[in-house]
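> Got a sequence here, can you build the structure:
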Amino acid sequence: MTQILFFLYNVLIIPPAIFFLSIISLFNLKTRKGLSGRFGLIKKLKNELPVKKSDRDVTWFHVSSYGEFLQAKPVLDQLKKKNPKLFIFVTVFSPSGFENIKVEQPIDYLCYLPFDRYFTIKKFISIINPKIAVIVRHDIWPNCVWLLHKKGIPLYLIDASLPKNSSRFKPLFRYLNQVLFCKLAGVFVISEEEVRKFQKLGVESDKIKIFGDTKYDQVYERSLNNEKITQLIDHPILSNKKVLVAGSTWQEDEAVLISAFRQVHEKNKDTFLIIAPHEPALKRITDIEQQCHKANIKTVRWSDLGKFENETKCLIIDRIGLLSAIYSLGDVAFVGGSFYYKIHNVLEPAVFGIPVFFGPKMTTSAEAYKLLEHEAALIVNSVAQIVNLLTKIFKNTKFAKKYGDNAKNLVKQNIGSSKRIAAFLIDKLKDRT
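Numbering: from 1, shown residues only. The predicted model follows:
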């Protein structure tokens, strides 16, 4: 049965999928970047990698996008700290990840993961020849798993978690996932409740370890550095203002937030809104400006901060990479995606000890559930609820402090998973030397 699945995947799924992507790339810039970034990759690796890595042992980390890389970075830092001679090879699937990850310590080499064609992946693994391989969270590709297992290279899944309604449990996919997951050398889950989920997917109990979630380490470490926003920290635009930071927003989030903020601001003139859209493309920035204009909210862009006026009530962040620091300036934070499809990182604002709230689309986030359980966040379902909540937070400092303190304490209590994961991987590397 496994061989049949293997055949069907490589003949009936992968070729049509790549053909479909090629068609989409004609109309979609992001897809086109992903295809062009993989062109000639094997030849490039053959020429560059032997010189760069010399005789150093390769540890391969794969991330889907920039968010997963940020989760991996504390582990990479710990690995390099414990063994500076390690050659850390990072692959990424999405263009947004590739364009935003800098090739600097602890990374030694960065490239796209080739599309999951059997012979391409076979050549790829042969060239990089890693001692161990690590996938962060998800983005598990069958040929990668099969070929690493066939070559005897241990593959670990870190920050592992699955939503309760994950498609991996559905009859159509469950057997394929069981075939894949049983070939993993280890699965490092974020909590005890995740253990049973992975056991259902065929992972043996002794391969599952509860190491925690590196997201907590990531947001804590990043919270210690606010150099990117020094120009805003003491800027008069925020002087004596009660600030709502809306991070990683989509149009559906902005529709309710801007309406709610307008109502709050009518009664509380010292309130201020910062919006950091998930993708700050020009069209998205323009759309937000138009929505705010209709609500009679004067805006200014981060790139035009020097042009602000006293009547400005909203700052739009039109640059990527600032949000985690921007949260530190808020009195309260909204996490985007939660009125659209799925929520983004709720821990980024929580680490700064401010009240956090979000919409109902949060079922994919274990951290969101944990914040709610510890009275460290609040959930809203409508404009009216947002208005009531913001009014309470801005007026009731005791209420705001309770939720803010609970959020910050929860983050601090869960720090340390990166050190545990790195220590385990170092031991396994020693075993394979």
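> what helix or strand does the residue nearest the centre of the chain sit in?
Centroid-nearest residue in the chain: G67, 2.5 Å away (criterion: Cα atoms, centre = their mean). Taking DSSP states H and E as the definition, one finds G67 inside helix 66-82.
> so what does the helix or strand that comes right after that helix touch, helix or strand wise?
Counting by DSSP H and E, the next helix or strand C-terminal to helix 66-82 is strand 87-92. Secondary structure elements in contact with strand 87-92, counted by 3 or more Cβ pairs under 8 Å, 6 or more residues apart in numbering; DSSP states H and E, are helix 41-53, strand 58-63, helix 66-82, strand 109-112. (Each C-beta comes from the backbone N, C-alpha and C, glycine too.)
> Ok, which of those comes nearest N225?
Nearest to N225 among the helices and strands packed on strand 87-92 is helix 66-82; the distance by Cβ to Cβ comes to 12.7 Å.
> for that closest one, what is the average pLDDT?
Here the mean pLDDT over helix 66-82 is 94, rounded to a whole number.
> measure the residue nearest to the centre of the chain to S96 for me?
Separation of G67 from S96 (Cβ to Cβ, to the nearest Å): 9 Å.
> can you check H265 too?
When distance is defined by Cβ to Cβ, H265 is 33 Å away from S96.
> swap in T364?
18 Å.
> so which of the helices and strands packed on strand 87-92 gets nearest F27?
Closest approach to F27 among the helices and strands packed on strand 87-92 (Cβ to Cβ): strand 109-112, 20.5 Å.
> what lines up beside that closest one in the sheet?
For strand 109-112, the paired strands and their directions (DSSP bridges) read strand 87-92 (parallel).
> quick check: angle from the strand it pairs with to strand 58-63?
20 degrees (axes from the mean of the first three to the mean of the last three Cα atoms, to 10 degrees).
> Could you list every helix and strand in contact with the host helix or strand of K401?
When elements are defined using DSSP H and E, K401 is found to belong to helix 397-413. For helix 397-413, the elements it packs on are helix 214-223, helix 347-350, helix 366-373, helix 383-395, judged by 3+ Cβ pairs under 8 Å, 6+ apart.
> Check the offset of that helix from the chain's centre.
For helix 397-413, the distance between its averaged C-alpha position and the chain's averaged C-alpha position is 23 Å (Cα atoms, centre = their mean, to the nearest Å).
> and what of stretch 389-396?
Distance, stretch centre to chain centre, for stretch 389-396: 30 Å (Cα atoms, centre = their mean).
> So which residues make contact with it?
Contacts to stretch 389-396, defined as Cβ atoms under 8 Å, 6 or more residues apart in numbering, come from residues 242, 244, 260-261, 264, 267-268, 271, 331-332, 355, 357, 378, 380, 399-400.
> I'd like to know which of those residues are buried.
When neighbours are counted using 16 or more other Cβ atoms under 10 Å, the contacts of stretch 389-396 contain these buried positions: 242, 244, 260-261, 264, 271, 331-332, 355, 357, 378, 380, 400.
> Who's the closest spatial neighbour of the residue lying farthest from the centre of the chain, skipping the chain neighbours?
In the chain, the greatest distance from the average C-alpha position (Cα atoms, centre = their mean) is reached by K267, at 36.3 Å. Take K267 and drop its neighbours on the chain: the residue closest to it by Cβ to Cβ, 6 or more residues apart in numbering is T391, 7.4 Å away.
> now L378
Skipping the residues right next to it in sequence, L378 comes nearest to F357 by Cβ to Cβ, 6+ apart, at 4.4 Å.
> Torsion angles phi and psi at the one you found?
Geometry field for F357 lists phi and psi as phi -140, psi 160, criterion degrees, to the nearest 10.
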